[in-house]
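K.L.:
Curious how this folds, go ahead:
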Amino acid sequence: MNELIFFGAAGMALAGSVLVFALRNTVYAVVALITALSGVAVLFFQMGAAFIGVLQIIVYAGAIMVLFLFVVMLLNVHRDEMGPDRHVAQKALGIFAGLMLLIQLLLLGRGLGGALLATPDGWGSAEHLAASFFTRYVLAFELTSMLLLAAMIGAMILAGRPTQEED
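P.N.:
Residues are numbered from 1 along each chain as shown. I've put the predicted structure just below:
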């Protein structure tokens, strides 16, 4: 039963990820990304990291995707406004990178021999995350908070700036 859940969630995450890049409609691509993130959340639940799985659903599949949908619908960008699709080199590079990733994943699967990775007791719990954030990764945690604060201040300054029509 665990294998069925794993392969179902992994297939859901993989299909959603592929659809994000394959779909032309931006709203459908965001819905496909929500599907992929939900599949990843199920994988976290299956690994015993319920806290990270809940955060995955609430933060990423919930709040950030709602923000993406809001921005996409607010901008209302149509395909003809973005110009013709001339990025052949980028597509070729993306296909090459995807094939290299697939080869690496297949080699990794052969190296593991089907064995699951062992996780320490309490992995993925709120206590384990807090202990690692505030001891081992405290510098990265604080730098990230400073970066987010600077971005928030910059967004408020840009939003408060009057346009030329208002002058």
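
K.L.:
Domain boundaries for this structure, per the record?
P.N.:
The record's domain split for the chain, according to automatic domain parsing, is 2-78+87-124, 125-162.

K.L.:
I'd like to know which of these has the weakest mean confidence.
P.N.:
Mean pLDDT per stretch puts domain 2-78+87-124 lowest among these, at a mean of 80.

K.L.:
any idea which helix is longest in this structure?
P.N.:
Ranked by number of residues, the top helix in the chain under DSSP state H is helix 88-112.

K.L.:
Just give the number of residues close to Ile157.
P.N.:
9 (other Cβ atoms under 10 Å). The way it works is simple: take the backbone N, C-alpha and C, and place the C-beta from them, glycine included.

K.L.:
Give me the contact list for whichever strand or helix holds it.
P.N.:
Using DSSP states H and E, Ile157 sits within helix 138-160. The contact list for helix 138-160 (Cβ atoms under 8 Å, 6 or more residues apart in numbering) reads 133-134.

K.L.:
I'd say Ile5 and Gln46 touch.
P.N.:
Yes: judged on Cβ atoms under 8 Å, Ile5 makes contact with Gln46 at a distance of 5.9 Å.

K.L.:
and the residue nearest to the spatial centre of the chain, how far is that from Ile58?
P.N.:
By Cα atoms, centre = their mean, the mean C-alpha position of the chain lies nearest to Leu37, the distance being 6.4 Å. Leu37 sits at a distance of 11 Å from Ile58 (criterion: Cβ to Cβ, to the nearest Å).

K.L.:
Ala50 too?
P.N.:
12 Å.

K.L.:
swap in Met47?
P.N.:
18 Å.

K.L.:
on that earlier part again, please identify the deepest-packed of the domains of the chain.
P.N.:
Highest mean neighbour count of the domains of the chain: domain 2-78+87-124, a mean of 13 (counted as mean count of other Cβ atoms under 10 Å).

K.L.:
what about that one, how long is it end to end?
P.N.:
19 Å (Cα to Cα, to the nearest Å).

K.L.:
Understood, closing this out.
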